[in-house]
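*Asks:* Got a predicted model here, sequence first, then my questions.
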Amino acid sequence: MFSLIFKIIITNLLFSVSICSLLMRFNEDRRHSNTELLLYSLGVGPAFTTLLLYYSLLIIPHQSNLFYLLFVLFIYLLLALGGAKSFKPLYYNIRQSFKDLFCSINKSMYARIEFAFFISIIIILLTGYFYIYLTRLLPQPLAGHDILGYATMGRILFEEKSLGPVWNERFAESGFLYFTSHAPSFPLLLTWEKFLNSFFCTSSDLYLRSVSTYYGLLILGVQFYWTAKKSRWLGLLAAFALMSGLGFSIGFLFKHLDTYRIFFLIMSWIYLAYTIKEKDFLSVLLFGIFSGFAAFCHRIGMILVGFNCFALFLFIDASLKKRLLKTCFVIMVLLLFGGAHYILDTFWGKGWLFETIKLCLSLLGIN
């Protein structure tokens, strides 16, 4: 359990805060809340780590475990240095947010009682859930067709120290076939965990098991952030409504890819709206980044971010030249942040694009 806590602190918290601090450098006009940026960035650390592993295994394969660990840590050190000036403002911003929250309830005894009741409900629900999760759900081994395939892929990428198993179907001769055409972001989470395991001399996969719940909590957090702007009780009701859906609750409670990929799709849509409304550089940049991660997580994401780019070109209020420039910039960013995998796969790997076109034509009855 100690190694799991360490992995979460390093990957989900420290890495994400480093990214957030750098993004704040582009938010000098304060169009975006720093608290909001931090909330969204908490999902970026793990995904960006898998992207770094992807490029390092692609460009510099077959190196030692220590090499890839140091490479990732070095990149995050550079990010932290680049955003060092933002650490103090971020700390003061978070502290002020909590101060405003608690000061707002000092107006009357009724407000204090209402706030205490609300916090008590949150604490009881979270305590009960985490007790069940940590004692019953998290210890359960990985089970199910998809998650076992992703985990096996992550283990083989760690052993091979290259992306060969992703591109080359000849690995089927050794008893393994990468059964999907998704980009390998999710399997690389286990690869990263195994690199950290080599440091601790353990063989745990608890970090991969925790990913679906972590991103489920982030989705709930994002929903609560927006709905609580109207009322904190509306935010709580919205969380209950979301958890009442069977599909989300299964993805939230059990080990799977879905909350991971859906989080980045949600973020891409939020920043699509920001880009159309605000038209600032940070919105455009984050729209491209989250679209890239949505593609890097799943093939469906790659298809949907294509519609994102079309929507941007269609709805942004700008001249034709600026529409083209912003859309091309977003496409370049989303390719850099994971979308390029599908181009590489088309011409170097298994031909994802051609297979998809053939499937679509067959569904339309065209041979």
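*Replies:* That came through, no problem.

*Asks:* For residue 82, the count of nearby residues, please.
*Replies:* Residue 82: 14 surrounding residues under other Cβ atoms under 10 Å. Yep, even glycine has a C-beta here, placed from its N, CA and C like the rest.

*Asks:* Next one: it from residue 279, what distance?
*Replies:* 25 Å (Cβ to Cβ, to the nearest Å).

*Asks:* quick one, helices of the stretch 1-150 of the chain?
*Replies:* Ranges of helices within the stretch 1-150 of the chain are 2-7, 15-24, 34-41, 44-59, 65-82, 87-103, 109-132, 145-160, based on DSSP state H, counting those that start in this stretch.

*Asks:* Just send those helices back as CSV, with distance to residue 343 too.
*Replies:* Listed next are those as CSV, based on distance: least, Cβ to Cβ, whole Å:
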stretch, distance to residue 343
helix 2-7, 31
helix 15-24, 25
helix 34-41, 27
helix 44-59, 12
helix 65-82, 23
helix 87-103, 36
helix 109-132, 41
helix 145-160, 20
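
*Asks:* Compare those helices and give me the one nearest residue 270.
*Replies:* Smallest distance to residue 270 across the helices of the stretch 1-150 of the chain (Cβ to Cβ): 7.8 Å, for helix 34-41.

*Asks:* mean confidence score for that closest one?
*Replies:* Averaging pLDDT along helix 34-41 gives 89.

*Asks:* buried set for it?
*Replies:* 34, 37, 38, 39, 40, 41 (16 or more other Cβ atoms under 10 Å).

*Asks:* again with stretch 159-168
*Replies:* Quick answer for stretch 159-168 (16+ other Cβ under 10 Å): 160, 161, 162, 163, 165, 166, 167.

*Asks:* export those residues to TSV and tack on distance to residue 148, pLDDT and secondary structure?
*Replies:* Listed next are those as TSV, based on distance: Cβ to Cβ, whole Å; pLDDT from 0 to 100; DSSP: H, G, I helix; E, B strand; the rest coil:
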residue	distance to residue 148	pLDDT	secondary structure
160	18	88	helix
161	22	90	coil
162	22	88	coil
163	20	86	coil
165	15	81	helix
166	17	82	helix
167	21	77	helix
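
*Asks:* residues in contact with the residue nearest the centre of the chain?
*Replies:* With distances taken as Cα atoms, centre = their mean, residue 43 lies nearest the centre of the chain, 4.3 Å away. Counting by Cβ atoms under 8 Å, 6 or more residues apart in numbering, residue 43 touches 16, 215, 218, 263, 264, 267.

*Asks:* ok, so of the residues you listed, who is nearest residue 246?
*Replies:* residue 215 (17.8 Å).
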